[in-house]
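Student: Task: produce atomic coordinates for the following.
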Amino acid sequence: MSKTHPHIVSPGPEQLATLVEERPEALPDVMNSVDTVDASIGYGAHQYGYNGWGMAAVTPYKKWVSLTLLHGADLEDPSALLTGTATMRHVKLASEEEFEANRAAIIALVRSAAELHEAPVTNNGE
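Tutor: Presented below is the predicted three-dimensional model:
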């Protein structure tokens with residue numbers, strides 16, 4: 001582990017909350033929910049998807065992690081990271097190195113997904 005970026009292995013929920021509480025949020029209105037059966041973590045802001053709520057999900061598997069974007073087919077994907085043929089598409093990541101190599105493209109996909117179904121703002125703020 002790096003001396004300039006020390007790590008804590010498997011921080012508990014309280015410790016994790018303390019570590020990130022001062023960090024700026026890229027998507028402050030996005031909430032998350034954890035499925036207690038498959039450990040999938042869903043993210044949404046009452047936009048679309050399951051009960052009108054979902055935007056994306058992160059699901060851990062034994063040998064990879066999937067980032068699922070509920071309307072992935074509607075997103076531009078210039079890096080061709082999304083796989084699948086349905087409306088829902090996913091990015092499958094098998095290592096931290098793979099994530100780091102694609103970090104910018106993944107961030108762009110998540111931001112695009114968050115903006116996909118935002119309500120339009122009118123001139124009078126309604």
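
Student: any idea which element the nearest residue to N32 once chain neighbours are set aside lies in?
Tutor: Spatial nearest neighbour of N32, excluding adjacent residues (Cβ to Cβ, 6 or more residues apart in numbering): Y43 at 5.1 Å. No exception for glycine: its C-beta is placed from N, CA and C like everyone else's. Here Y43 is covered by strand 41-44, with elements defined by DSSP states H and E.

Student: name the helices or strands packed onto the next helix or strand after that strand?
Tutor: Once the chain leaves strand 41-44, the next helix or strand it forms, by DSSP H and E, is strand 54-60. On a contact count with 3 or more Cβ pairs under 8 Å, 6 or more residues apart in numbering; DSSP states H and E, strand 54-60 meets strand 41-44, strand 65-69, helix 103-116.

Student: The shortest one packs against which elements?
Tutor: Contacts of strand 41-44 with other secondary structure elements, assessed using 3+ Cβ pairs under 8 Å, 6+ apart, are made with strand 31-34, strand 54-60.

Student: Just send these back as TSV, with mean neighbour count, mean pLDDT and distance to I8 too.
Tutor: Below are the helices and strands packed on strand 41-44 laid out as TSV (neighbours: other Cβ atoms under 10 Å; pLDDT from 0 to 100; distance: least, Cβ to Cβ, whole Å):
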stretch	mean neighbour count	mean pLDDT	distance to I8
strand 31-34	12	73	20
strand 54-60	20	83	18
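
Student: quick one: which of the ones you listed is nearest T85?
Tutor: Closest approach to T85 among these (Cβ to Cβ): strand 54-60, 18.0 Å.

Student: now the closest one against helix 103-116, angle please.
Tutor: Strand 54-60 and helix 103-116 are oriented at 140 degrees to each other (axes from the mean of the first three to the mean of the last three Cα atoms, to 10 degrees).

Student: Any chance you could list what contacts the helix or strand bottoming out on mean pLDDT in the chain?
Tutor: In the chain, no helix or strand scores lower on mean pLDDT, DSSP states H and E than strand 41-44, which sits at a mean of 71. Defining contact as Cβ atoms under 8 Å, 6 or more residues apart in numbering, one finds that strand 41-44 is touched by 27, 30-35, 50, 53-59.

Student: With that, I have no additional questions.
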